[in-house]
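> Sequence and predicted structure are below.
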Amino acid sequence: MATDTLDGLESLLRGLEVSSLSPMAASTDVLHNPIDIYRSQLAETIVNIVQCEPQVAFEAIQVPNEVDNGDLIITLPKLRLQKTPEELEAIGAELSTQISQSPLFIMPFLDGALLRVFLSQKTLPSVLLPYISDRGATYGGSSSPVVHDASDPKSGANKLLVEFSSPNIAKKFTGAHLRSTILGAHIAALHERLGWDVTRVNYLGDWGKDIGLLAVGWQRSGSEEAFAADPFGHMLDLYNEVHDLLKPQIDLRKKIREEKGDTQPIEAIEAGEDTKELNAEKDAWCKKLEDGDAEAVALWRRFKDVSVEKYVQLYARLGVKFDDYAGESHFTAASIAKVEEILREKGVSEEDRGAWVIDFKKHGATKGLGKGVLRDSHGLTSYLLRDIATVLDREESHKFDKMIYVVSADQDTHFKRVNKALELMGREDLAAASQYVNFGHVQDLELEDGRHAALLSDFLDHTRSVASSLLEADVGRAARFDDPVAVVDQIGASALMVHVLSGKKQGQLSLDLTEAATFDASTGPYLQYWHARLCSFLRASAGPAVPDFSSVKSEDYGDLFRVLAQYPDAAKTSLRNMEPGPLMTYLFRLLNELSNCLPEDEDWPEASANDAIVYSAARQVVENGMRALGIPVCSSI
């Protein structure tokens, strides 16, 4: 009987002479996390002996950082027994005796106030291997959705929008955009695997004054030939050409804005005739676009359409796919009008030198939000107003339960303004449903020719180059891949992704791939290599048609089973903390155990039927972890 039902688990445990699932299992997730089978058994023993509440018992059971310290730990002071150390020691001894009576455990040992519990290596393979086999790609995730209403399984999955990457089509693609892309892809993938209905949104910067500068550049120097050959490169050149002429004025405006607020009109700053003319052209074009002028809309549409077309191709090289490319331009006039009406009716927005603003300080906002512009002195919508309106549009179009923005910490002020504005509108529900996952500064990537990466293709071509060099230099490991040439983009992407995801997201990131693009432990290529190695082994091994899990002996595989059992906990920890680190650390700990079983400098041993069973489970967990991180998988069985 399959173990993916409670009846199936009961049957499995009875076969191991465990009378039944603990009644405490109802408080856990035994169908998706094998360690919860053991947790529930421990919790039942604790409750029976010390007469505490079940929740107290569960809170006292923890997972150690290293398997050498136990598979689970009972922290005796967390039982809230108000006992002396001597009395706690006696309780620990009694717990040890009772726990050791179960076929699922061996005798725990008391280490001060900690009772270190070890799973029985005799029965663990018989529990874990069918558990992983029955779940396959869903092991460590969820085969059922996270529903709106837990009391109604038919209420539908919770809907999550993840907004990430979101470059401006007129400007350079920065390291921050790349970090957002990789971190956002991971967050989306992990939520999806854990039962959420996920929509991936690339909120392209395709509206506003930067697009106006691009349009002015096109009108002055645009080339159909250059645009056809390299759309992003030509658009960036045109934008930079105009932006550089205005840069002194823009820098001065930024300084004034920081000192006096957001409402200083750029025309009020001393400017030469040339820059006045440029500003007039830009503002006139933006006004035409917002008014729906056919010529302006047609040019904007060309820029937008080619950007989406090219970005779809480029993101695919990273293994990233978006469901929605509705950018800043996607706001509706109705939602803009609704936001402005509510803010005025509630006395939140006010006129300031011809612009409409929110003075957040007047409305109890924390220090630093200052004034946010809704419409400038020309009547043009701002990024802030469009973002607020977009939240309302998304509520209508997606009916989301939660929305996550993956953005640079540099944008904290902007998103705090969005949330505060929603609260001031009386939409505390939407503010609460919006979560901002921010990350630290990203240093520029210096390319081989000395330039700094300015386009997504620059980053991708660089990773392809270093991956190609790696595969050429290590022919032995390259041979593990079915077609090393075909997977070079994926090897490069995995090097980049693991490098980006390995550190704390708040930390500063350097994109130097010197150490990341190697087959050393804790790198993306090393992860791909091990997955390919396991696939190669399993293709060459004729596993039994009906696996005999009971014949597998744990001592033949070191601590591998103990680590395999920890995967669901690692995935949930990453989700809870919104940090990829726990999952990344787990995967490399798993590879370390695999290398103990199958040293890299040795040939594969002659495969037994049991080897095929065990390494099939290990390969599945490696792949599941890679997919939860958003890393493309190169090889298949």
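On my side now, so go ahead.

> Sort out which residues of stretch 279-293 are buried, please.
Within stretch 279-293, the residues that qualify as buried by neighbour count (16 or more other C-beta atoms under 10 Å) are Asn279, Glu281, Lys282, Asp283, Ala284, Trp285, Cys286, Lys288, Leu289, Glu290. To be clear about C-beta, it is placed using only N, CA and C from the backbone, and glycine gets the same treatment.

> any chance of the residues you listed in TSV, plus distance to Leu160, pLDDT and secondary structure?
As requested, the buried residues of stretch 279-293 are exported to TSV (distance: C-beta to C-beta, whole Å; pLDDT from 0 to 100; DSSP: H, G, I helix; E, B strand; the rest coil):
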residue	distance to Leu160	pLDDT	secondary structure
Asn279	41	87	helix
Glu281	42	92	helix
Lys282	37	92	helix
Asp283	38	91	helix
Ala284	41	93	helix
Trp285	37	94	helix
Cys286	33	93	helix
Lys288	37	94	helix
Leu289	32	94	helix
Glu290	31	91	helix
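
> which residues in the protein form strands?
61-62, 72-75, 109-111, 114-117, 159-163, 197-201, 349-352, 355-359, 371-375, 402-408, 434-439 (DSSP state E).

> returning to what we had before: could you export the buried residues of stretch 279-293 as TSV, including distance to Ser165?
Output for these, formatted as TSV (distance: C-beta to C-beta, whole Å):
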residue	distance to Ser165
Asn279	30
Glu281	30
Lys282	26
Asp283	29
Ala284	31
Trp285	26
Cys286	24
Lys288	29
Leu289	23
Glu290	25
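
> Looking at those residues, which is nearest Glu224?
Lowest distance from Glu224 to the buried residues of stretch 279-293 (C-beta to C-beta) belongs to Trp285, with 19.0 Å.

> check contacts around that closest one.
By C-beta atoms under 8 Å, 6 or more residues apart in numbering, Trp285 lies in contact with Gly212, Ala215, Val216, Gln219, Ala296.

> Most neighbours among the residues you listed, which one?
Highest neighbour count within the contacts of Trp285: Val216, with 28 neighbours (other C-beta atoms under 10 Å).

> is it true that that residue touches Glu241?
No: the criterion here is C-beta atoms under 8 Å, and Val216 misses it with Glu241 at 9.3 Å.

> about what we covered before: tell me the one of the contacts of Trp285 nearest Ile169?
Top of the list for closeness to Ile169, among these and by C-beta to C-beta, is Ala215 at 11.6 Å.

> pretty sure that closest one is touching Val297, no?
No: using C-beta under 8 Å, Ala215 is not in contact with Val297, being 11.1 Å away.

> Report how many residues lie close to Ser133.
17.

> Show me the helices in the stretch 151-300 of the chain, by range?
175-193, 209-221, 224-229, 231-260, 273-290, 294-316 (DSSP state H, counting those that start in this stretch).

> circling back: so which of the strands of the chain gets nearest Phe415?
strand 434-439 (4.9 Å).

> what angle separates the closest one from strand 159-163?
Orientation check (axes from the mean of the first three to the mean of the last three C-alpha atoms, to 10 degrees): strand 434-439 against strand 159-163 gives 40 degrees.

> Check which helices and strands strand 434-439 sits against.
Under the contact criterion of 3 or more C-beta pairs under 8 Å, 6 or more residues apart in numbering; DSSP states H and E, strand 434-439 touches helix 175-193, strand 402-408, helix 412-424.

> what's around the residue lying closest to Asp412 once chain neighbours are set aside, how many residues?
Distances taken as C-beta to C-beta, 6 or more residues apart in numbering put Asn438 closest to Asp412, at 6.1 Å, once the chain neighbours are dropped. Using other C-beta under 10 Å, Asn438 is surrounded by 17 other residues.

> Point out the other helices and strands that the lowest-mean-pLDDT helix or strand in the chain packs with.
Lowest on mean pLDDT, DSSP states H and E among the helices and strands of the chain sits helix 231-260, with a mean of 82. Contacts defined by 3+ C-beta pairs under 8 Å, 6+ apart place helix 231-260 against helix 209-221, helix 224-229, helix 273-290, helix 294-316.
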